[in-house]
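Chemist: Attaching a predicted model along with its sequence, questions to come.
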Amino acid sequence: MAKRILSLAASLGLTCAVLAAGAFDDGSSAAHAMLTRLCDDFGGRLTGSAANRGALTRLADELRALGLQPEVVPFKMPGWERGADRVALVAPFDRRLRVAALAYTQPHRAFEAAVVDMGGGKPEEYPVDCKGRIGLLGASTVLQLREIARTAAERGMRGLLFINREGGGQLLARSSSFTGEPLPFPAYSITQEEGLWLQRLLRRGESVRVRMETKSRCREIETANLVLRLPGRSPERVIVGAHFDSWDLGQGALDNGLGTAQLFALAHALRGRDLARTVELHWFNGEEQGLWGSRHAAAVLGDAPVVAMINLDMVGVSIAVNALGDASLVPALERWNAAREKPLSLGVQNINWFGSDHTPYQLAGVRAITFNAPIPRESVRYYHDLADTIDKLPAQIVTDSTAVIGDFVLAICADTGLRAERRTPDATEKLFTAFGLDRRMRAIGYWPFN
Ligand SMILES: [Zn+2]
(Lines give C-alpha, C1' and ligand atoms only; values in the text may rest on other atoms or scores of the structure.)
Protein backbone atom coordinates (compact mmCIF):
# COMPACT_ATOMS: atom_id res chain seq x y z
CA MET A 1 0.00 0.00 0.00
CA ALA A 2 2.71 2.45 1.01
CA LYS A 3 4.54 1.65 -2.21
CA ARG A 4 1.50 2.41 -4.33
CA ILE A 5 0.89 5.72 -2.58
CA LEU A 6 4.56 6.64 -2.81
CA SER A 7 4.62 6.02 -6.54
CA LEU A 8 1.45 8.10 -6.94
CA ALA A 9 2.98 10.79 -4.77
CA ALA A 10 6.04 10.78 -6.98
CA SER A 11 3.90 11.06 -10.08
CA LEU A 12 2.10 14.08 -8.59
CA GLY A 13 5.41 15.62 -7.70
CA LEU A 14 4.74 15.40 -4.00
CA THR A 15 7.63 15.49 -1.60
CA CYS A 16 5.78 14.94 1.64
CA ALA A 17 6.67 11.72 3.43
CA VAL A 18 3.69 9.41 3.35
CA LEU A 19 3.36 7.45 6.56
CA ALA A 20 3.20 3.68 6.45
CA ALA A 21 0.07 1.72 7.26
CA GLY A 22 -0.34 1.48 11.03
CA ALA A 23 1.44 4.83 11.52
CA PHE A 24 -1.49 6.12 13.58
CA ASP A 25 -2.01 2.97 15.69
CA ASP A 26 0.13 3.99 18.67
CA GLY A 27 -1.43 7.44 18.73
CA SER A 28 -4.89 5.88 18.56
CA SER A 29 -4.36 3.60 21.55
CA ALA A 30 -2.89 6.50 23.51
CA ALA A 31 -5.89 8.60 22.48
CA HIS A 32 -8.43 5.99 23.58
CA ALA A 33 -6.68 5.69 26.96
CA MET A 34 -6.65 9.49 27.29
CA LEU A 35 -10.36 9.70 26.45
CA THR A 36 -11.17 6.97 28.98
CA ARG A 37 -9.52 9.11 31.66
CA LEU A 38 -11.40 12.24 30.52
CA CYS A 39 -14.73 10.39 30.56
CA ASP A 40 -14.27 8.64 33.90
CA ASP A 41 -12.57 11.50 35.76
CA PHE A 42 -14.86 14.32 34.61
CA GLY A 43 -18.08 12.96 33.10
CA GLY A 44 -20.03 15.01 30.55
CA ARG A 45 -18.25 18.13 29.31
CA LEU A 46 -21.10 20.64 29.18
CA THR A 47 -19.57 23.97 28.13
CA GLY A 48 -19.20 26.31 31.07
CA SER A 49 -19.20 23.51 33.67
CA ALA A 50 -16.37 22.68 36.06
CA ALA A 51 -16.18 19.26 34.38
CA ASN A 52 -15.57 20.87 30.99
CA ARG A 53 -12.86 23.16 32.36
CA GLY A 54 -11.17 20.32 34.23
CA ALA A 55 -11.23 18.03 31.21
CA LEU A 56 -9.84 20.74 28.89
CA THR A 57 -6.99 21.41 31.32
CA ARG A 58 -6.29 17.68 31.46
CA LEU A 59 -6.25 17.39 27.67
CA ALA A 60 -3.80 20.30 27.41
CA ASP A 61 -1.59 18.68 30.08
CA GLU A 62 -1.59 15.38 28.21
CA LEU A 63 -0.58 17.15 25.00
CA ARG A 64 2.22 18.95 26.84
CA ALA A 65 3.42 15.60 28.18
CA LEU A 66 3.95 14.65 24.51
CA GLY A 67 6.21 17.67 24.10
CA LEU A 68 3.52 19.73 22.34
CA GLN A 69 2.40 23.29 23.02
CA PRO A 70 -1.37 23.68 22.73
CA GLU A 71 -2.81 27.17 22.96
CA VAL A 72 -5.89 27.95 25.06
CA VAL A 73 -8.06 30.47 23.17
CA PRO A 74 -10.71 31.95 25.48
CA PHE A 75 -14.04 33.30 24.27
CA LYS A 76 -17.39 34.36 25.73
CA MET A 77 -20.77 32.87 24.83
CA PRO A 78 -24.32 32.68 26.11
CA GLY A 79 -24.09 29.65 28.37
CA TRP A 80 -26.62 27.49 30.10
CA GLU A 81 -26.41 25.23 33.11
CA ARG A 82 -28.68 22.46 34.26
CA GLY A 83 -30.24 22.69 37.69
CA ALA A 84 -32.71 20.17 39.10
CA ASP A 85 -35.41 19.51 36.46
CA ARG A 86 -38.59 18.14 38.03
CA VAL A 87 -41.66 17.27 36.04
CA ALA A 88 -44.38 15.04 37.49
CA LEU A 89 -47.75 13.82 36.36
CA VAL A 90 -50.39 14.85 38.93
CA ALA A 91 -53.54 13.68 37.11
CA PRO A 92 -54.96 11.15 36.36
CA PHE A 93 -52.42 9.83 38.93
CA ASP A 94 -49.08 10.77 40.46
CA ARG A 95 -45.87 9.80 38.70
CA ARG A 96 -42.46 11.42 38.41
CA LEU A 97 -41.56 11.75 34.72
CA ARG A 98 -38.11 11.34 33.24
CA VAL A 99 -37.22 14.66 31.59
CA ALA A 100 -34.32 16.94 30.75
CA ALA A 101 -34.75 20.68 30.24
CA LEU A 102 -33.71 21.94 26.82
CA ALA A 103 -30.78 24.33 26.75
CA TYR A 104 -31.73 28.00 27.30
CA THR A 105 -34.72 27.06 29.47
CA GLN A 106 -34.83 29.55 32.36
CA PRO A 107 -35.52 28.70 36.01
CA HIS A 108 -39.13 28.89 37.08
CA ARG A 109 -41.17 28.23 40.16
CA ALA A 110 -43.25 25.07 40.28
CA PHE A 111 -46.62 25.35 38.50
CA GLU A 112 -49.31 22.91 37.54
CA ALA A 113 -51.19 22.94 34.23
CA ALA A 114 -53.25 20.77 31.92
CA VAL A 115 -51.44 19.07 29.06
CA VAL A 116 -52.69 19.36 25.46
CA ASP A 117 -51.66 17.36 22.42
CA MET A 118 -50.10 19.72 19.86
CA GLY A 119 -49.22 17.05 17.29
CA GLY A 120 -46.18 18.07 15.27
CA GLY A 121 -46.51 21.73 16.32
CA LYS A 122 -47.78 23.12 13.00
CA PRO A 123 -50.06 26.16 13.54
CA GLU A 124 -53.16 24.18 12.41
CA GLU A 125 -52.42 21.43 14.94
CA TYR A 126 -52.80 23.61 18.03
CA PRO A 127 -55.92 22.90 20.07
CA VAL A 128 -58.38 25.83 20.14
CA ASP A 129 -58.00 26.28 23.84
CA CYS A 130 -54.31 26.11 24.60
CA LYS A 131 -53.86 29.21 26.75
CA GLY A 132 -52.27 28.38 30.10
CA ARG A 133 -51.63 24.79 29.03
CA ILE A 134 -48.52 22.67 28.51
CA GLY A 135 -48.05 21.39 24.96
CA LEU A 136 -47.10 17.79 24.22
CA LEU A 137 -45.05 17.86 21.02
CA GLY A 138 -44.63 14.77 18.83
CA ALA A 139 -41.19 13.45 17.91
CA SER A 140 -41.91 13.71 14.19
CA THR A 141 -42.08 17.52 14.12
CA VAL A 142 -40.43 19.09 11.09
CA LEU A 143 -40.31 22.57 12.63
CA GLN A 144 -37.48 24.07 14.62
CA LEU A 145 -37.95 24.41 18.37
CA ARG A 146 -37.30 28.12 18.27
CA GLU A 147 -40.26 28.72 15.97
CA ILE A 148 -42.51 26.27 17.85
CA ALA A 149 -41.68 27.90 21.20
CA ARG A 150 -42.33 31.36 19.77
CA THR A 151 -45.75 30.45 18.33
CA ALA A 152 -46.75 28.47 21.41
CA ALA A 153 -45.78 31.34 23.73
CA GLU A 154 -47.76 33.80 21.57
CA ARG A 155 -50.80 31.59 22.06
CA GLY A 156 -50.35 31.74 25.81
CA MET A 157 -48.97 28.26 26.40
CA ARG A 158 -46.89 27.85 29.55
CA GLY A 159 -44.52 25.02 28.71
CA LEU A 160 -43.57 22.23 26.37
CA LEU A 161 -42.88 18.51 26.60
CA PHE A 162 -41.02 17.26 23.53
CA ILE A 163 -41.30 13.51 22.94
CA ASN A 164 -37.96 11.85 22.16
CA ARG A 165 -37.56 10.22 18.78
CA GLU A 166 -35.44 7.39 20.24
CA GLY A 167 -37.14 4.76 22.43
CA GLY A 168 -35.82 2.81 25.39
CA GLY A 169 -36.36 5.42 28.10
CA GLN A 170 -33.86 7.77 26.51
CA LEU A 171 -33.77 11.53 26.63
CA LEU A 172 -32.26 13.84 24.09
CA ALA A 173 -30.44 16.77 25.59
CA ARG A 174 -30.51 19.51 22.98
CA SER A 175 -30.35 23.19 22.26
CA SER A 176 -33.40 25.28 21.47
CA SER A 177 -31.86 27.71 18.97
CA PHE A 178 -28.59 29.21 17.80
CA THR A 179 -29.13 32.69 19.18
CA GLY A 180 -28.50 31.99 22.86
CA GLU A 181 -31.63 33.94 23.81
CA PRO A 182 -33.60 32.41 26.69
CA LEU A 183 -36.63 30.30 25.75
CA PRO A 184 -39.93 32.15 26.28
CA PHE A 185 -41.15 29.28 28.49
CA PRO A 186 -39.76 26.04 29.94
CA ALA A 187 -39.30 23.17 27.49
CA TYR A 188 -38.31 19.63 28.35
CA SER A 189 -37.34 16.50 26.49
CA ILE A 190 -39.51 13.59 27.70
CA THR A 191 -38.91 9.89 27.02
CA GLN A 192 -40.74 8.41 24.06
CA GLU A 193 -42.48 5.85 26.26
CA GLU A 194 -43.86 8.35 28.79
CA GLY A 195 -44.64 10.88 26.07
CA LEU A 196 -46.70 8.38 24.08
CA TRP A 197 -48.39 7.28 27.29
CA LEU A 198 -49.59 10.85 27.94
CA GLN A 199 -50.60 11.15 24.29
CA ARG A 200 -52.79 8.01 24.50
CA LEU A 201 -54.49 9.28 27.67
CA LEU A 202 -55.23 12.63 26.00
CA ARG A 203 -56.58 11.00 22.86
CA ARG A 204 -58.97 9.00 25.06
CA GLY A 205 -60.24 12.27 26.55
CA GLU A 206 -58.59 11.92 29.94
CA SER A 207 -57.59 15.05 31.77
CA VAL A 208 -53.80 15.03 32.08
CA ARG A 209 -52.11 17.46 34.42
CA VAL A 210 -48.43 18.01 35.03
CA ARG A 211 -46.39 19.93 37.58
CA MET A 212 -43.09 21.34 36.40
CA GLU A 213 -40.14 23.10 37.99
CA THR A 214 -36.49 23.69 37.13
CA LYS A 215 -33.45 25.50 38.39
CA SER A 216 -31.70 25.25 35.01
CA ARG A 217 -30.57 28.69 33.88
CA CYS A 218 -28.90 30.81 31.23
CA ARG A 219 -25.78 32.76 32.05
CA GLU A 220 -22.97 34.44 30.15
CA ILE A 221 -19.87 32.27 30.35
CA GLU A 222 -16.23 32.39 29.41
CA THR A 223 -14.88 29.17 27.96
CA ALA A 224 -12.08 28.28 25.53
CA ASN A 225 -11.04 26.35 22.46
CA LEU A 226 -7.78 24.48 22.46
CA VAL A 227 -5.56 24.84 19.39
CA LEU A 228 -2.43 22.91 18.45
CA ARG A 229 -0.38 24.11 15.52
CA LEU A 230 1.99 21.68 13.80
CA PRO A 231 4.09 23.89 11.52
CA GLY A 232 4.76 22.65 8.00
CA ARG A 233 6.99 23.80 5.16
CA SER A 234 4.19 26.01 3.85
CA PRO A 235 2.18 28.50 5.96
CA GLU A 236 -0.94 27.29 4.11
CA ARG A 237 -3.14 25.64 6.70
CA VAL A 238 -5.11 22.43 6.85
CA ILE A 239 -7.46 22.83 9.82
CA VAL A 240 -8.78 19.71 11.50
CA GLY A 241 -11.47 20.41 14.09
CA ALA A 242 -13.65 18.44 16.48
CA HIS A 243 -15.94 19.62 19.24
CA PHE A 244 -14.63 18.89 22.68
CA ASP A 245 -17.79 19.71 24.61
CA SER A 246 -20.70 17.35 25.14
CA TRP A 247 -24.00 17.23 26.95
CA ASP A 248 -24.02 16.61 30.67
CA LEU A 249 -26.27 13.58 31.03
CA GLY A 250 -23.63 10.99 30.07
CA GLN A 251 -19.88 11.13 29.36
CA GLY A 252 -19.93 12.39 25.79
CA ALA A 253 -17.75 9.46 24.72
CA LEU A 254 -19.11 9.22 21.18
CA ASP A 255 -20.39 12.78 20.85
CA ASN A 256 -17.77 13.92 20.61
CA GLY A 257 -15.13 12.22 22.71
CA LEU A 258 -14.44 10.26 19.56
CA GLY A 259 -13.40 13.38 17.62
CA THR A 260 -11.46 14.63 20.65
CA ALA A 261 -9.52 11.34 20.67
CA GLN A 262 -8.95 11.39 16.90
CA LEU A 263 -7.34 14.84 17.13
CA PHE A 264 -5.19 13.61 20.00
CA ALA A 265 -4.10 10.60 17.92
CA LEU A 266 -3.19 12.92 15.02
CA ALA A 267 -1.15 15.12 17.38
CA HIS A 268 0.61 12.02 18.70
CA ALA A 269 1.46 10.67 15.23
CA LEU A 270 2.30 13.92 13.44
CA ARG A 271 4.48 15.63 16.08
CA GLY A 272 7.96 16.23 14.81
CA ARG A 273 7.07 15.14 11.25
CA ASP A 274 8.07 16.94 8.11
CA LEU A 275 4.70 18.28 6.94
CA ALA A 276 4.20 19.89 3.55
CA ARG A 277 1.62 22.29 4.98
CA THR A 278 0.80 23.55 8.45
CA VAL A 279 -1.73 21.42 10.28
CA GLU A 280 -3.90 23.05 12.93
CA LEU A 281 -5.87 20.89 15.34
CA HIS A 282 -8.83 22.63 16.99
CA TRP A 283 -10.81 21.28 19.93
CA PHE A 284 -13.93 23.47 19.94
CA ASN A 285 -16.16 24.23 22.90
CA GLY A 286 -19.81 25.32 22.87
CA GLU A 287 -20.76 23.27 19.80
CA GLU A 288 -23.80 21.63 21.36
CA GLN A 289 -25.47 24.89 22.37
CA GLY A 290 -24.91 26.51 18.97
CA LEU A 291 -21.43 26.14 17.39
CA TRP A 292 -20.07 28.95 19.58
CA GLY A 293 -16.43 27.78 19.60
CA SER A 294 -16.14 27.29 15.86
CA ARG A 295 -17.97 30.57 15.28
CA HIS A 296 -15.30 32.27 17.37
CA ALA A 297 -12.48 30.42 15.59
CA ALA A 298 -13.86 31.31 12.16
CA ALA A 299 -14.32 34.94 13.23
CA VAL A 300 -10.68 35.35 14.29
CA LEU A 301 -9.33 33.54 11.23
CA GLY A 302 -9.00 36.79 9.27
CA ASP A 303 -7.68 36.14 5.78
CA ALA A 304 -5.28 33.36 6.81
CA PRO A 305 -4.51 30.97 3.92
CA VAL A 306 -6.63 27.87 4.55
CA VAL A 307 -6.71 24.93 2.15
CA ALA A 308 -9.62 23.24 3.90
CA MET A 309 -11.26 22.66 7.26
CA ILE A 310 -11.87 19.00 8.08
CA ASN A 311 -14.62 18.46 10.65
CA LEU A 312 -14.68 15.37 12.87
CA ASP A 313 -18.05 15.19 14.63
CA MET A 314 -18.92 11.57 15.46
CA VAL A 315 -16.84 10.27 12.57
CA GLY A 316 -16.77 6.47 12.75
CA VAL A 317 -15.28 4.25 10.10
CA SER A 318 -15.50 6.02 6.75
CA ILE A 319 -17.50 4.83 3.77
CA ALA A 320 -17.17 8.15 1.91
CA VAL A 321 -15.43 11.49 2.08
CA ASN A 322 -17.72 14.51 1.64
CA ALA A 323 -16.80 17.83 -0.02
CA LEU A 324 -19.86 19.41 1.68
CA GLY A 325 -21.19 21.03 -1.46
CA ASP A 326 -18.00 22.64 -2.79
CA ALA A 327 -17.23 21.04 -6.17
CA SER A 328 -13.74 22.58 -6.33
CA LEU A 329 -12.61 20.05 -3.71
CA VAL A 330 -13.91 16.97 -5.47
CA PRO A 331 -10.91 16.24 -7.76
CA ALA A 332 -8.51 16.22 -4.78
CA LEU A 333 -10.80 13.90 -2.85
CA GLU A 334 -11.05 11.62 -5.89
CA ARG A 335 -7.25 11.55 -6.22
CA TRP A 336 -6.87 10.54 -2.61
CA ASN A 337 -9.54 7.86 -2.72
CA ALA A 338 -8.29 6.38 -5.99
CA ALA A 339 -4.80 6.03 -4.53
CA ARG A 340 -6.01 4.08 -1.51
CA GLU A 341 -5.30 0.38 -1.40
CA LYS A 342 -8.95 -0.05 -0.39
CA PRO A 343 -10.95 2.91 -1.74
CA LEU A 344 -13.92 3.94 0.43
CA SER A 345 -17.01 1.97 -0.57
CA LEU A 346 -19.08 5.06 -1.45
CA GLY A 347 -16.12 7.07 -2.68
CA VAL A 348 -16.52 10.83 -2.83
CA GLN A 349 -19.76 12.62 -1.96
CA ASN A 350 -20.56 16.30 -2.34
CA ILE A 351 -23.54 17.04 -0.10
CA ASN A 352 -23.76 20.02 2.22
CA TRP A 353 -25.46 19.59 5.59
CA PHE A 354 -25.98 21.99 8.42
CA GLY A 355 -25.29 21.89 12.10
CA SER A 356 -21.76 21.15 13.13
CA ASP A 357 -18.46 23.03 13.36
CA HIS A 358 -17.81 23.07 9.62
CA THR A 359 -20.70 25.54 9.15
CA PRO A 360 -19.05 28.70 10.55
CA TYR A 361 -15.95 28.02 8.42
CA GLN A 362 -18.11 27.52 5.34
CA LEU A 363 -19.83 30.83 6.08
CA ALA A 364 -16.38 32.45 6.21
CA GLY A 365 -15.77 31.13 2.69
CA VAL A 366 -13.46 28.32 3.80
CA ARG A 367 -13.89 25.00 2.03
CA ALA A 368 -14.91 22.24 4.45
CA ILE A 369 -14.74 18.48 4.35
CA THR A 370 -16.10 15.68 6.49
CA PHE A 371 -16.58 11.94 6.24
CA ASN A 372 -19.64 9.81 5.85
CA ALA A 373 -18.62 7.42 8.59
CA PRO A 374 -21.26 5.55 10.54
CA ILE A 375 -20.85 4.40 14.12
CA PRO A 376 -22.50 1.05 14.98
CA ARG A 377 -26.16 1.51 15.92
CA GLU A 378 -25.66 -0.08 19.35
CA SER A 379 -23.27 2.74 20.24
CA VAL A 380 -24.67 5.72 18.39
CA ARG A 381 -28.26 5.38 19.62
CA TYR A 382 -27.24 6.65 23.07
CA TYR A 383 -25.91 10.02 21.99
CA HIS A 384 -26.92 13.07 24.06
CA ASP A 385 -28.05 10.81 26.92
CA LEU A 386 -26.81 8.99 30.00
CA ALA A 387 -25.50 5.95 28.12
CA ASP A 388 -23.08 7.84 25.84
CA THR A 389 -20.23 6.40 27.90
CA ILE A 390 -16.75 5.12 27.12
CA ASP A 391 -17.84 1.46 27.26
CA LYS A 392 -19.77 2.13 24.01
CA LEU A 393 -16.57 3.14 22.23
CA PRO A 394 -14.26 0.20 21.47
CA ALA A 395 -10.63 1.27 20.98
CA GLN A 396 -10.75 -0.33 17.53
CA ILE A 397 -13.17 2.37 16.30
CA VAL A 398 -10.64 5.06 17.24
CA THR A 399 -7.84 3.11 15.54
CA ASP A 400 -9.72 2.30 12.33
CA SER A 401 -11.24 5.77 11.95
CA THR A 402 -7.97 7.59 12.67
CA ALA A 403 -6.12 5.47 10.09
CA VAL A 404 -8.40 6.88 7.37
CA ILE A 405 -8.47 10.43 8.74
CA GLY A 406 -4.69 10.58 9.22
CA ASP A 407 -4.00 9.27 5.73
CA PHE A 408 -6.41 11.86 4.35
CA VAL A 409 -4.93 14.79 6.29
CA LEU A 410 -1.45 13.97 4.98
CA ALA A 411 -2.75 13.69 1.43
CA ILE A 412 -4.45 17.11 1.63
CA CYS A 413 -1.25 18.57 3.11
CA ALA A 414 0.74 17.25 0.19
CA ASP A 415 -1.67 17.72 -2.71
CA THR A 416 -0.13 20.35 -4.96
CA GLY A 417 -3.34 20.47 -7.01
CA LEU A 418 -5.04 22.30 -4.12
CA ARG A 419 -4.49 25.91 -3.15
CA ALA A 420 -5.56 27.95 -0.18
CA GLU A 421 -8.61 29.89 -1.37
CA ARG A 422 -11.97 31.28 -0.26
CA ARG A 423 -15.34 31.35 -1.95
CA THR A 424 -17.11 34.62 -2.68
CA PRO A 425 -20.07 35.41 -0.39
CA ASP A 426 -22.41 34.73 -3.34
CA ALA A 427 -20.98 31.28 -3.91
CA THR A 428 -21.22 30.61 -0.18
CA GLU A 429 -24.88 31.60 -0.06
CA LYS A 430 -25.54 29.19 -2.94
CA LEU A 431 -23.71 26.44 -1.08
CA PHE A 432 -26.58 26.53 1.44
CA THR A 433 -29.57 27.42 -0.74
CA ALA A 434 -28.67 24.71 -3.29
CA PHE A 435 -29.19 22.13 -0.55
CA GLY A 436 -32.31 23.78 0.89
CA LEU A 437 -30.60 24.54 4.19
CA ASP A 438 -31.56 28.22 4.33
CA ARG A 439 -35.08 27.66 5.71
CA ARG A 440 -33.85 25.83 8.78
CA MET A 441 -30.96 28.26 9.30
CA ARG A 442 -33.36 31.22 9.20
CA ALA A 443 -35.74 29.46 11.61
CA ILE A 444 -33.06 29.02 14.25
CA GLY A 445 -31.76 32.57 13.81
CA TYR A 446 -28.50 31.68 12.06
CA TRP A 447 -28.64 33.06 8.54
CA PRO A 448 -26.10 35.80 7.79
CA PHE A 449 -27.43 36.56 4.29
CA ASN A 450 -30.44 38.71 3.45
ZN1 LIG B 1 -21.60 16.36 18.20
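Modeler: Done, it's in.

Chemist: just the strands in the stretch 251-400 of the chain please.
Modeler: Assigned strands in the stretch 251-400 of the chain, in chain order: 277-284, 306-311, 320-322, 347-349, 368-372 (criterion: DSSP state E, counting those that start in this stretch).

Chemist: Of all those, which one is nearest residue 110?
Modeler: For residue 110, the closest of the strands of the stretch 251-400 of the chain is strand 277-284, at 36.5 Å, according to Cβ to Cβ. In this view, the C-beta of every residue, glycine as well, is placed from N, C-alpha and C.

Chemist: And residue 89, how far from the ion?
Modeler: To the ion, residue 89 is 32 Å away according to Cβ to the ion, to the nearest Å.

Chemist: ok but that residue is inside a strand, no?
Modeler: Yes. Counting by DSSP: H, G, I helix; E, B strand; the rest coil, residue 89 is located in a strand.

Chemist: For residue 187, see how far away the residue nearest the centre of the chain is.
Modeler: Residue closest to the average C-alpha location in the chain (Cα atoms, centre = their mean): residue 356, at 4.8 Å. Residue 356 sits 22 Å away from residue 187, going by Cβ to Cβ, to the nearest Å.

Chemist: What residue in the stretch 301-450 of the chain comes nearest to the ion?
Modeler: For the stretch 301-450 of the chain and the ion, the shortest gap (Cβ to the ion) falls at residue 313, measuring 4.5 Å.

Chemist: count of residues packed around that residue?
Modeler: 19 (other Cβ atoms under 10 Å).

Chemist: hang on, it packs against residue 243?
Modeler: Yes. Assessed by Cβ atoms under 8 Å, residue 313 is found in contact with residue 243 at 6.2 Å.

Chemist: hey, what's in contact with both of these two?
Modeler: Listed as contacting both residue 313 and residue 243 by Cβ atoms under 8 Å, 6 or more residues apart in numbering are 256, 259, 287, 356-357.

Chemist: so which of these is the most crowded?
Modeler: That'd be residue 256 among the shared contacts of residue 313 and residue 243, by other Cβ under 10 Å, with 29 neighbours.

Chemist: Contact partners for that one?
Modeler: Residue 256 sits in contact with 242-246, 287, 312-314, where contact means Cβ under 8 Å, 6+ apart.

Chemist: Starting from residue 144, give me the distance back to it.
Modeler: 22 Å.

Chemist: in stretch 375-390, what counts as buried?
Modeler: Of the residues in stretch 375-390, 375, 379, 381-390 count as buried by neighbour count, 16 or more other Cβ atoms under 10 Å.

Chemist: typo on my end, it should be stretch 231-245
Modeler: 232, 236-245.

Chemist: tell me which residues in stretch 87-98 are buried?
Modeler: 87-89, 97-98.

Chemist: mind giving me TSV with those residues and columns for pLDDT?
Modeler: Shown next, in TSV, are these (pLDDT from 0 to 100):
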residue	pLDDT
87	98
88	98
89	98
97	98
98	97
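
Chemist: out of the residues you listed, which one sits closest to residue 69?
Modeler: Nearest member of those to residue 69, counting by Cβ to Cβ, is residue 98, at 44.5 Å.

Chemist: how near is the residue nearest to that closest one when sequence neighbours are not counted to residue 249?
Modeler: Spatially, and ignoring its direct neighbours in sequence, residue 98 is nearest to residue 191 (5.0 Å; Cβ to Cβ, 6 or more residues apart in numbering). Distance, residue 191 to residue 249, by Cβ to Cβ: 12 Å.

Chemist: Out of the contacts of residue 256, which comes closest to residue 364?
Modeler: residue 287 (16.3 Å).

Chemist: was I right about that closest one contacting residue 241?
Modeler: No. Judged on Cβ under 8 Å, residue 287 makes no contact with residue 241 at a distance of 9.5 Å.

Chemist: shared neighbours, these two?
Modeler: If you check residue 287 and residue 241 against Cβ under 8 Å, 6+ apart, the residues they both contact are 294, 357.

Chemist: now the longest strand seen in the chain, how far from the centre of its chain.
Modeler: The single longest strand within the chain, with elements called by DSSP state E, is strand 217-230. Distance of strand 217-230 from the chain centroid (Cα atoms, centre = their mean, to the nearest Å) equals 15 Å.

Chemist: How about residue 321, nearest residue that isn't a chain neighbour?
Modeler: residue 333 (5.0 Å).

Chemist: okay but the one you found is in contact with residue 323, surely?
Modeler: Yes. Judged on Cβ under 8 Å, residue 333 makes contact with residue 323 at a distance of 5.8 Å.

Chemist: Find the helix or strand that the residue sitting furthest away from the middle of the chain is a member of.
Modeler: In terms of distance from the mean C-alpha position of the chain, residue 205 ranks first, at 40.2 Å (Cα atoms, centre = their mean). Residue 205 is part of no helix or strand, with elements assigned from DSSP states H and E.

Chemist: quick revisit: please tabulate the strands of the stretch 251-400 of the chain in JSON lines, including the columns distance to the ion.
Modeler: Output for the strands of the stretch 251-400 of the chain, formatted as JSON lines (distance: least, Cβ to the ion, whole Å):
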{"stretch": "strand 277-284", "distance to the ion": "10"}
{"stretch": "strand 306-311", "distance to the ion": "10"}
{"stretch": "strand 320-322", "distance to the ion": "16"}
{"stretch": "strand 347-349", "distance to the ion": "19"}
{"stretch": "strand 368-372", "distance to the ion": "12"}
